[in-house]
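**Q** Dropping the sequence and predicted coords here.
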Amino acid sequence: MSPATTATPAALPDPAGEERRDTPAGENASPSERRTGGDGIRELTAAQEMRALTHPVRLALLELLSLEGPMTATEAGERIGESPTTCSFHLRQLAKYGFVEEAGRGAGRRRPWKLVDRGLSFSGIGDEEQSVAASELSNMLLERWLARYRSWQQVQHLDPEWAHATGTSESAVFLTKEEAVEVREQVAAILRRYEPRRADPAARPEGSRPVEAVLLVHPIVDAHSL
């Protein structure tokens, strides 16, 4: 995986060469200490931040909140197949590092949680501790992306129209570093046009459904392997 990654809870590479994901900061960090740009993407620079995310339940919770909005630990548990107690614990841990926050009190004892930032990015370029933490998080994200794609492969025959509308593509081309950034920026710009639909169900056209796009742009280490 590239030294830097950007992912949304559904996970999508960012033009900056970092792994981005729609949501996170350091332990007990205040908003002023968090590196969040004008695009709402927060930059993770500490290994402890990355390690706090490297857990399947926590990633599942971030993905769920990104796609479906605020919900309680009980509601989240029903969706991801975990107990309310487990989800409550991991939501509190995510809140400790500034990834989620309470969305206000609901009716009765209802306590929904929501994402803090629109997205996050992190880089494996740094000291050894940061590089190891970034690599472990990147690998876990990649496995989750591939697992979801394999799940779709197993059932795509049940929906031929969507099977024809989606797919995979691979190209090996010669690019400069600047051109590689341009490719990522152009793809990200196309996908950003549809981002408002995540937060606003009314903006989703009839027939739309959650669709994941994963872009991997990297130099080929051994050109003779082609």
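**A** On my side now, so go ahead. Numbers count the residues shown, from 1 in each chain.
**Q** only C-alpha atoms for contact and neighbour calcs from this point on.
**A** Fine.
**Q** What are the boundaries of the strands in the protein?
**A** Read by DSSP state E, the chain holds these strands, from start to end of the chain: 4-7, 19-21, 35-36, 41-44, 100-102, 113-115, 119-123.
**Q** lowest-confidence stretch among the ones you listed?
**A** Per-segment mean pLDDT for the strands of the chain reaches its minimum on strand 19-21, at a mean of 50.
**Q** So, low pLDDT: which residues of the chain?
**A** 1-39, 106-108, 223-226 (pLDDT under 70).
**Q** Show me which helix runs longest in it.
**A** Ordering each helix of the chain by length in residues (DSSP state H) puts helix 128-155 first.
**Q** now it, how far from the centre of its chain.
**A** Between the mean C-alpha point of helix 128-155 and the mean C-alpha point of its chain there is a distance of 10 Å (C-alpha atoms, centre = their mean, to the nearest Å).
**Q** Just the buried positions in it, please.
**A** Burial within helix 128-155, assessed by neighbour count using 16 or more other C-alpha atoms under 10 Å, is assigned to 130-138, 140-141, 144-145, 149.
**Q** Equivalent analysis for stretch 95-108, please.
**A** Residues 95, 96, 97, 98, 99, 100, 101, 102, 103 are the ones in stretch 95-108 that count as buried (16+ other C-alpha under 10 Å).
**Q** swap in stretch 180-192?
**A** Of the residues in stretch 180-192, those buried by neighbour count under the rule 16+ other C-alpha under 10 Å are 180, 181, 184, 185, 187, 188.
**Q** ok, those residues vs residue 72, which is closest?
**A** When the buried residues of stretch 180-192 are compared for distance to residue 72 (C-alpha to C-alpha), residue 188 comes out closest, at 30.8 Å.
**Q** Residue 131 and residue 58, how far apart?
**A** The spacing between residue 131 and residue 58, counted by C-alpha to C-alpha, to the nearest Å, is 21 Å.
**Q** Can you verify my assumption that residue 74 contacts residue 81?
**A** No: counting by C-alpha atoms under 8 Å, residue 74 stays clear of residue 81, with 10.2 Å between them.
**Q** the more surrounded of those two?
**A** Counted by other C-alpha atoms under 10 Å, residue 74 and residue 81 do not tie: residue 74 has more neighbours, with 18 against 10.
**Q** residues contacting the more buried one?
**A** The neighbourhood of residue 74, defined by C-alpha atoms under 8 Å, 6 or more residues apart in numbering, consists of 83, 84, 87, 88.
**Q** distance of it from residue 64?
**A** Distance from residue 74 to residue 64, counting by C-alpha to C-alpha: 13 Å.
**Q** likewise residue 116?
**A** Remark: distance between residue 116 and residue 64 (C-alpha to C-alpha) = 14 Å.
**Q** How many residues are close by residue 195?
**A** Neighbour count for residue 195, taken as other C-alpha under 10 Å: 11.
**Q** Next, it: phi, psi?
**A** Reported as degrees, to the nearest 10, the phi and psi values for residue 195 are phi -60, psi -40.
**Q** closest to residue 193 among the buried residues of helix 128-155?
**A** The shortest distance between residue 193 and any of these, using C-alpha to C-alpha, involves residue 145 and amounts to 21.6 Å.
**Q** What distance do you get for that closest one to residue 101?
**A** The spacing between residue 145 and residue 101, counted by C-alpha to C-alpha, is 25 Å.
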